[in-house]
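> kindly generate the corresponding structure for this input.
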Amino acid sequence: MFIGEYSHTLDAKGRIIIPSKFRDELHTSFILTRGLDGCLTIYSLEQWQKLLTELEKLPSTKKAARQYIHMLTAKACECTPDKMGRIIIPNYLAEPVHITKECAIIGVNDHIEIWDKDTWTRYFEEASDSFEEVAENLSDLLKNE
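Predicted coordinates:
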């Protein structure tokens, strides 16, 4: 399980340190890909395989399903941290989500997200404003399962 928020800086070579607590759970390599809401997402190889298995259930006749799979997998890359725990974030992933320097690395239960620090701050403030309302609505969904 991934939890917590860490601040790190992208260096001049496009490298970022993955927190050691996260690296321990990710093992030797993992998948970095486009995320939702303007971030990048890291999946362990095990979690990535589970996600791909679920994606295979989507109907290939639906354009939205094809688009989602394309966006998630087309530019995904496997990363192996160096001895200092750094990975390179390719420009083709960093540029669309404005990751240039200061970053927030967020544990989100079964995956990790990398955000531009300012984007994360805005997102978190906006989400905080409706936190109780969202919790109430989601609790109704959980009770129906």
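> mind listing what's buried in the helix or strand containing Glu125?
Element membership for Glu125, per DSSP states H and E: helix 117-129. Counting neighbours by 16 or more other Cβ atoms under 10 Å, one finds that the buried residues in helix 117-129 are Lys117, Thr119, Trp120, Tyr123. In this view, the C-beta of every residue, glycine as well, is placed from N, C-alpha and C.
> next helix or strand past that helix?
helix 131-143.
> which residues touch that next one?
Identification of contacts with helix 131-143 by Cβ atoms under 8 Å, 6 or more residues apart in numbering yields Ala127.
> just how off-centre is stretch 52-61 within its chain?
Centroid separation for stretch 52-61 versus its chain: 20 Å, with Cα atoms, centre = their mean, to the nearest Å.
> then stretch 27-37?
So, by Cα atoms, centre = their mean, the centroid of stretch 27-37 is 6 Å from its chain's centroid.
> output it in PDB with nothing but the alpha carbons.
In PDB, the C-alpha atoms belonging to stretch 27-37 read as follows (Å, rounded to 0.1, in the frame of the first residue of the first chain):
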ATOM      1  CA  HIS A  27      11.000  -3.700  -6.100                       C
ATOM      2  CA  THR A  28      13.600  -3.500  -8.900                       C
ATOM      3  CA  SER A  29      11.400  -2.000 -11.700                       C
ATOM      4  CA  PHE A  30       8.000  -0.600 -12.400                       C
ATOM      5  CA  ILE A  31       5.800   1.200 -15.000                       C
ATOM      6  CA  LEU A  32       5.600   4.900 -15.400                       C
ATOM      7  CA  THR A  33       2.700   6.200 -17.500                       C
ATOM      8  CA  ARG A  34       0.200   9.000 -18.000                       C
ATOM      9  CA  GLY A  35      -2.100   9.500 -15.100                       C
ATOM     10  CA  LEU A  36      -5.500  11.200 -14.600                       C
ATOM     11  CA  ASP A  37      -6.100  14.800 -13.400                       C
END
